[in-house]
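> Task: produce atomic coordinates for the following.
(one chain, ligands or ions: 3)
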Amino acid sequence: MSDGFHGLCPICGLLARSCRGARSGTLDRLHKQLNASMALFVQKYGGTSVGSPERIQHVARRVARFVAQGHQVVVVVSAMSGETNRLISLAKSVSSQPDPRELDVMLSTGEQVSIALVAMAIMELGIKARSYTGRQAQILTDSVHTRARIVEIDRVNLRADLDAGYVVVVAGFQGVDDSGNITTLGRGGSDTTGVALAAALNADECQIYTDVDGVYTTDPRVVPEARRLKTITFEEMLEMASLGSKVLQIRSVEFAGNYRVKLRVLSSFQDEGEGTLITFEEGPDMEKAVISGIAFNRDEAKITLLGVPDRPGIAYQILGPIGDANIDVDMIVQNVSHDGLTDFSFTVHRSDFHQAMEILKSADAHIKSRGVMGDDKIAKVSVVGVGMRSHAGIASTAFRTLAEEGINIQMISTSEIKISIVIDEKYVELAVRGLHKAFDLEQGA
Ligand code: ADP
Ligand code: ASP
Ligand code: MG
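Ligands and ions are numbered 1, 2, ... in the order given. Reported below is the predicted structural model:
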C-alpha cells in the first residue's frame, strides 16, 4: 500500500513523509523553506560589524542565509564604528556642554545611516527589506536625553512588514519621547534596542553579533588567555555588565531578564560558532566553575571626606546633595570613628567627579570635615560567580593574589555573587591577569 509519501522527495531528497513541502503538495523550490521550522530572530550588529561597506555586505549575506532557511529577521544596527565618538567630539567643538536634546538629534544620525545602508545591501541580494528609525518603529522612551529608557514599543508596523516578507532593519540606540523628541539610550544602547524588540515581538532568539565570539571570562583584549563561556547565567551577566564588561549594555541584560528573552552573543566575523547563551537556570550541563569571570571598570573616581564628625545624619548630609544632582554613588565606606571623627569615602562615575567635588566643597561649610580629597585615577576590579554562594575562601584568594602583586586595596564591596575591589588605575591589567590566573579561568585550565 502506498500513501504517496513513501520514498524520497524528488525536490529536496528528504524522506517524503517528513517533507512538509511534499505533504502540502507544494512541488517547487519553496517547499524547502517549509521544512525549516520558521522562527523569528532579532539580530543586532554593533559598530565594527557594520564598520565598512564590506562588513555591511557581510551582514546582508548572513541575513539572507536566515531568510533562505525560512526565518523572519529583524536587524538592529549601531552606527558605523567610530561614528558616535566623532559626532560627540563634533558637538564639543561648538559647545563645552552640548545641550542633551540637540546631542540626541545629532547622535541618532549615526544609526540612521547604518539602517539605510544595511537595507540597501539586503535588497541587493533580492530580498525585501525596509529600514526604520526609532521614531518610525515607535520605540517610545522617557525624556531623559542621552540615557533614556524604553517605555513601550508599538509592534504593529513591524509585524505587518515581517508578515509581508520584509526584513525589518531598525536603528539601535534611539527612540522618541511622548512629545516627539528624539532620544538616545546611553552608550552601547543598541543592545537594549535589540533585546527590547525581541521581547516586544516575542522573538525566538535575540542574537548580539559583535567583534568577539561570545562572552569571555574577562575582556579577551586585556587577557588573551581568556576563555569563551558556552553559557553564563543571567545573574552573572548582569553583574559582569554592571561592573564594566561592555560586551552587553546592562539595560539589555535587565530587559532579557524581565521578559525572559533568549539572548546569545556571537561573532559577526565568523560564520560558525554557537557563541555564548545567557541562561536563566544553572542547568546540569552548566560549566561548574565557582567563578565565571573578572570584570573591570576604569571609569571610576573616589572622594574622601577626612575627619567628619561622627553623628546621626552625616551620611545624608554628604550624599544628599550628590543624589539631588542626579549623580549615582557606587561604593561607600565609613571608617570606625576615633575621638568622634571618622573618614567617609565613596565612588562616582569619573565623568561626574568634578561636579561631585564642587558640590561637596560647598556642602562642607556645614559638614565641617578636616578636608575633602579626590582621586580620579582609580579603577574597580570584580570577581563574579554564582558558585561563590556555596564556596568559602574566594575573597581570601582574591586578596592574596593582589598582595602577591604588591597592589594596595583601597575599598572592598561584596554581594552574594561578586567581590569588587578598588585599586589604583595603573594596576588594573596586572590585577585582572593575576586574578584570572588565580581562579583558573584560562583556556584549557
Ligand atoms: P559592539 O560595537 O559590537 O557593540 P562593544 O565594543 O560594545 O561591541 O563590545 C564588544 C567588546 O567588549 C569586545 O571587543 C571586548 O573587548 C569587550 N569585552 C569586555 N569584557 C568582555 C567579556 N567578558 N567578554 C567578551 N568581550 C568583552
Ligand atoms: N552607537 C552607539 C554607541 O556607540 C550605540 C551602540 O553602538 O550600541 O554607543
Ligand atoms: Mg556595544
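
> Would you mind identifying the next helix or strand past the least confident helix or strand in the chain by mean pLDDT?
Of all helical and strand segments in the chain, the minimum by mean pLDDT, DSSP states H and E falls on helix 31-35, at a mean of 52. Remark: after helix 31-35, the chain's next helix or strand is strand 40-45, criterion DSSP states H and E.

> Parallel or antiparallel, list what pairs with that following strand.
Next to strand 40-45 in the sheet, as set by DSSP bridges, lie strand 72-77 (parallel), strand 205-210 (parallel).

> Counting by contacts, list what the helix or strand that comes right after the last one packs against.
Sequence-wise, the next helix or strand beyond strand 205-210 is strand 231-233, with elements assigned using DSSP H and E. Identification of packing neighbours for strand 231-233 by 3 or more Cβ pairs under 8 Å, 6 or more residues apart in numbering; DSSP states H and E yields strand 276-279. All C-beta atoms are positioned from the backbone trio N, CA, C, and that covers glycine.

> Would you map the helices across the stretch 51-200 of the chain?
Per DSSP state H, counting those that start in this stretch, the stretch 51-200 of the chain carries helices over the ranges 53-68, 83-94, 100-123, 156-163, 190-200.

> what helix or strand does Thr304 sit in?
With DSSP H and E as criterion, Thr304 is part of strand 293-309.

> strands paired with that strand, and their directions?
Short version: by DSSP bridges, strand 293-309 pairs with strand 341-349 (antiparallel), strand 371-384 (antiparallel).

> Can you give me the buried ones in it?
293-297, 299-305, 307-308 (16 or more other Cβ atoms under 10 Å).

> looking at it, Thr192 is touching Ala256, isn't it?
No: under the criterion of Cβ atoms under 8 Å, Thr192 makes no contact with Ala256, lying 9.6 Å away.

> okay, and the common contacts of those two?
Common contact partners of Thr192 and Ala256 (Cβ atoms under 8 Å, 6 or more residues apart in numbering): none.

> Distance-wise, check the closest residue to ligand 3 within the stretch 151-300 of the chain relative to Met38.
In the stretch 151-300 of the chain, the residue that lies nearest ligand 3 is Gly188 (4.1 Å; Cβ to the ion). According to Cβ to Cβ, to the nearest Å, Gly188 and Met38 sit 31 Å apart.

> Give me the more crowded residue out of those two.
Taking other Cβ atoms under 10 Å, Gly188 and Met38 do not tie; Gly188 has more neighbours (21 against 11).

> dump the residue contacts of the residue lying closest to the more buried one once chain neighbours are set aside.
Nearest residue to Gly188, sequence neighbours excluded (Cβ to Cβ, 6 or more residues apart in numbering): Gln249, at 3.7 Å. Applying Cβ under 8 Å, 6+ apart to Gln249 gives the contacts Leu185, Gly186, Arg187, Gly188, Gly189, Ser190, Asp191, Thr192, Ala241.

> could these go into TSV alongside distance to Glu111?
Putting these into TSV (distance: Cβ to Cβ, whole Å) gives the following:
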residue	distance to Glu111
Leu185	11
Gly186	13
Arg187	13
Gly188	13
Gly189	9
Ser190	7
Asp191	13
Thr192	13
Ala241	21
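
> same for ligand 2: which of the residues you listed are within range?
Arg187, Gly188, Gly189, Ser190, Asp191 (Cβ under 6 Å from any ligand atom).

> Hmm, the fourth one is touching Val75, no?
No: taking Cβ under 8 Å as the definition, Ser190 is not a contact partner of Val75, at 10.9 Å.

> so what sits against both of those two?
Both Ser190 and Val75 are contacted by Lys44, under the criterion Cβ under 8 Å, 6+ apart.

> what are the bridge partners for Ile232, then?
Assigned bridge partners for Ile232, using DSSP bridges, are Ile278.

> Need the pLDDT of it.
Note on Ile232: pLDDT of 95.

> mind listing the strands for the stretch 301-445 of the chain?
329-334, 341-349, 371-384, 411-415, 418-424 (DSSP state E, counting those that start in this stretch).

> near ligand 1, which residues of this structure?
Residues of the chain lying near ligand 1 (Cβ under 6 Å from any ligand atom): 46-49, 78, 188, 210-212, 215-216, 218-221, 245-247, 293.

> Mind checking which of those are buried?
For the residues of the chain next to ligand 1, a burial check counting by 16+ other Cβ under 10 Å picks out 46-49, 78, 188, 210, 212, 215-216, 218-220, 245, 247, 293.

> my guess is Ala379 contacts Lys302, does it?
No: at 10.2 Å, Ala379 and Lys302 do not qualify as touching, with contact defined as Cβ under 8 Å.

> Now the common contact residues for the two.
Val422.

> which parts of the protein sit against ligand 2?
Residues of the chain lying near ligand 2 by Cβ under 6 Å from any ligand atom: 46-47, 78-79, 84, 110, 172-173, 187-191.
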